[in-house]
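1. generate coordinates for the sequence data below:
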Amino acid sequence: MTVASALLLGGCSLMPANGPANTDIVSASSDTVPPVADRLPYALVRLTPETVETLARYEPRFSNSFTDRRPPSAFHFGVGDIVSVTIFEAAAGGLFIPAEASVRPGNFVTLPNQAVDDKGNISVPYAGIIRAKGRTQVEVQQTIVDAIKNRAIEPQVVVALVDQKTSLISVLGEVGHSSRFPANMEPETVLDAITRAGGPKSQGFDSFISLERGGRRATVPFGALVYEPSNNIYVHPNDTIYVYTEPQAFLAFGATLGVVAAAGAGTAGTQIKFDAWRISLAEAVAKTGGLSDALADPASVFLYRGEPREVAVRLGVDGSKFQGPIIPIIYNLNLRDPAGFFLAKAFEVRNKDILYVSNAESVQVTKFLTYLRTIMATVNDPIIYAINFYALKAAVAGTGTFTTITAPTATITR
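-> Residues are numbered from 1 along each chain as shown. This next block holds a predicted model:
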């Protein structure tokens, strides 16, 4: 019995298969054995409610990457902005209004428009050099008043923005018209900025939005802005928004009905498009046609993905066993557990993920027994045919006795 079991187990590893067995994936993970020099190490993570909750915190969302939800602060001047300065005095005969007030249209004087220079300053007569860069209109106005109040008669100053050159928002890529436009004084969101650029050209579920701010960049599906309002954050001056299209798809291998059908056509796996801005693991399995009742092990549903080191460590992976910023992880879902379908519904599939469903162990055993039967038939058939041939020859010659000769293909009786 022990010898037969050893032969059975050894033979299963020789049988044709569409991928690794469940035991191979578990035993070869870097959590159970030291890494092998010629094999890429990976970690095996079982899907649990805690795993799904941890991954949800790291889904690509603006709400995760840009945690400051406040609208942009008040407008600040920058180098190159064109400004206008108007100075008012309470009575004629002051610094700017001559005693002959009748020769002027009012008690104010408007200076020629000027740009904030490369040092961030503007020039105002009798006030000198005034710092403008990084300051609001109110702050610049008060600085000018403080500089001339001892010489002018109750001065008041109005500083206006004539042409905005620095606080701009860039929207590029697959939009109605790529443009770089001034930020509005009133706060606006990412969707507002994309709308100002004509909106996305392609279907929403294939569109992605990349936002770059202050050297930091994050990318989210367009659907995340529409269906999850927390991601539609405020844009800030000098933000860059890039809209592009990238069809989402995952790869499926193993014991699913769709893959089995593809295998019948000579294909080992299949690539399946999302056709949605996101899908769950349950939807991904359904898109493959579901598990094959004759082949699949429901406890051996695996999803291959590379995760950032920070995420992997949060999942309990020992990062010291891996090199580089991306750690290969195989997630294992047990659909023999009735609650597994809830986990599959909550787990989000990402672009280029690999879904693999392993065969049940009984399938490999059946393959091996069929293989043994073929070998035994190959050995026995010539012997049986030889016995039948000589028995038939003797019967025909009359030297043999009446007998029944059974061959693989016929029964001869004399």
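2. rest of the way, CA atoms for contacts and neighbours
-> Noted.
3. how about the strands in the stretch 1-150 of the chain?
-> Along the stretch 1-150 of the chain, the segments classed as strands by DSSP state E, counting those that start in this stretch run 43-46, 82-88, 108-110, 114-115, 121-124, 128-131.
4. nearest to Val226, of the ones you listed?
-> Closest to Val226 of those is strand 43-46 (Cα to Cα; 31.7 Å).
5. Pro41 touches Ile326, doesn't it?
-> No: the pair formed by Pro41 and Ile326 falls short of the contact definition of Cα atoms under 8 Å, at 11.5 Å.
6. please identify which of those two sits among more neighbours.
-> Legend: neighbour count by other Cα atoms under 10 Å for Pro41 and Ile326, higher for Pro41 (20 against 15).
7. and Gly269, what are its bridge partners?
-> When bridges are called by DSSP bridges, Gly269 pairs up with Phe253.
8. surely it meets Gly254?
-> Yes: here Gly269 lies in contact with Gly254, judged by Cα under 8 Å, at a distance of 7.4 Å.
9. those two: who's more crowded?
-> Under the criterion of other Cα under 10 Å, the comparison of Gly269 against Gly254 puts Gly254 first, with 27 against 20.
10. before we move on, what's the pLDDT of that one?
-> Looking at Gly254, its pLDDT reads 88.
11. that one contacts Ser358, doesn't it?
-> Yes: checked against Cα under 8 Å, the pair Gly254 and Ser358 is within contact range at 5.7 Å.
12. quick one, helices of the stretch 201-350 of the chain?
-> Along the stretch 201-350 of the chain, counting by DSSP state H, counting those that start in this stretch, helices occupy 222-227, 257-264, 281-287, 309-314, 340-346.
13. weakest of those in terms of mean pLDDT?
-> Set side by side, the helices of the stretch 201-350 of the chain give their lowest mean pLDDT on helix 257-264, at a mean of 70.
14. before we move on, the earlier item: using TSV, please lay out the strands of the stretch 1-150 of the chain together with mean pLDDT and mean neighbour count.
-> Supplementary listing: the strands of the stretch 1-150 of the chain in TSV, determined by pLDDT from 0 to 100; neighbours: other Cα atoms under 10 Å:
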stretch	mean pLDDT	mean neighbour count
strand 43-46	94	20
strand 82-88	94	19
strand 108-110	88	16
strand 114-115	94	18
strand 121-124	94	18
strand 128-131	94	16
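15. and Asp318, which of those is closest to it?
-> Nearest to Asp318, of all the strands of the stretch 1-150 of the chain, is strand 43-46, at 8.5 Å by Cα to Cα.
16. helices or strands next to that closest one in the packing?
-> strand 326-333 (3 or more Cα pairs under 8 Å, 6 or more residues apart in numbering; DSSP states H and E).
17. CA atoms only: put the strand it packs on into CSV for me.
-> As requested, C-alpha coordinates have been extracted for strand 326-333 and formatted as CSV (Å, rounded to 0.1, in the frame of the first residue of the first chain):
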residue,chain,number,x,y,z
ILE,A,326,7.7,45.3,-5.5
ILE,A,327,7.0,42.0,-3.8
PRO,A,328,5.3,39.1,-5.7
ILE,A,329,2.2,37.9,-3.8
ILE,A,330,-0.2,35.1,-4.5
TYR,A,331,-3.6,35.6,-2.9
ASN,A,332,-5.5,32.4,-2.0
LEU,A,333,-9.3,32.4,-1.9
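18. any regions of this protein where pLDDT drops low?
-> 1-18, 30-38, 99-106, 260, 262-268, 362-377, 379-381, 385-386, 388-393, 395-414 (pLDDT under 70).
19. longest strand of it?
-> Among the segments of the chain that qualify as a strand by DSSP state E, the longest is strand 296-308.
20. residues contacting the closest residue to Gly214 other than its chain neighbours?
-> Counting by Cα to Cα, 6 or more residues apart in numbering, Gly214 lies nearest to Asp239, which is 7.8 Å off, once chain neighbours are set aside. Asp239 is in contact with Leu168, Ile169, Ser170, Leu211, Glu212, Arg213, Gly214, counting by Cα atoms under 8 Å, 6 or more residues apart in numbering.
21. among those residues, which one sits closest to Ser230?
-> Ser230 has its nearest neighbour among the contacts of Asp239 in Leu211, at 14.9 Å by Cα to Cα.
22. do I have it right that that closest one meets Thr240?
-> Yes: the pair Leu211 and Thr240 qualifies as a contact (Cα under 8 Å) at a distance of 5.9 Å.
23. re earlier: list residues touching both of Gly254 and Ser358?
-> Going by Cα under 8 Å, 6+ apart, residues that sit against Gly254 and also against Ser358 are Gly19.
24. could you list the domains of the chain?
-> Here the domain parsing of the chain from automatic domain parsing is 11-59+248-359, 82-163, 167-245, 364-413.
25. for Arg70, find the nearest of those domains.
-> Proximity to Arg70, assessed across the domains of the chain by Cα to Cα, is greatest for domain 167-245 (7.3 Å).
26. span of the closest one from start to end?
-> The distance separating the two terminal residues of domain 167-245, taken as Cα to Cα, to the nearest Å, comes to 28 Å.
27. do you know how far the nearest residue to Pro187 once chain neighbours are set aside is from Ser63?
-> By the measure of Cα to Cα, 6+ apart, the closest residue to Pro187 outside its immediate chain neighbours is Pro71, 5.9 Å from it. The spacing between Pro71 and Ser63, counted by Cα to Cα, is 14 Å.
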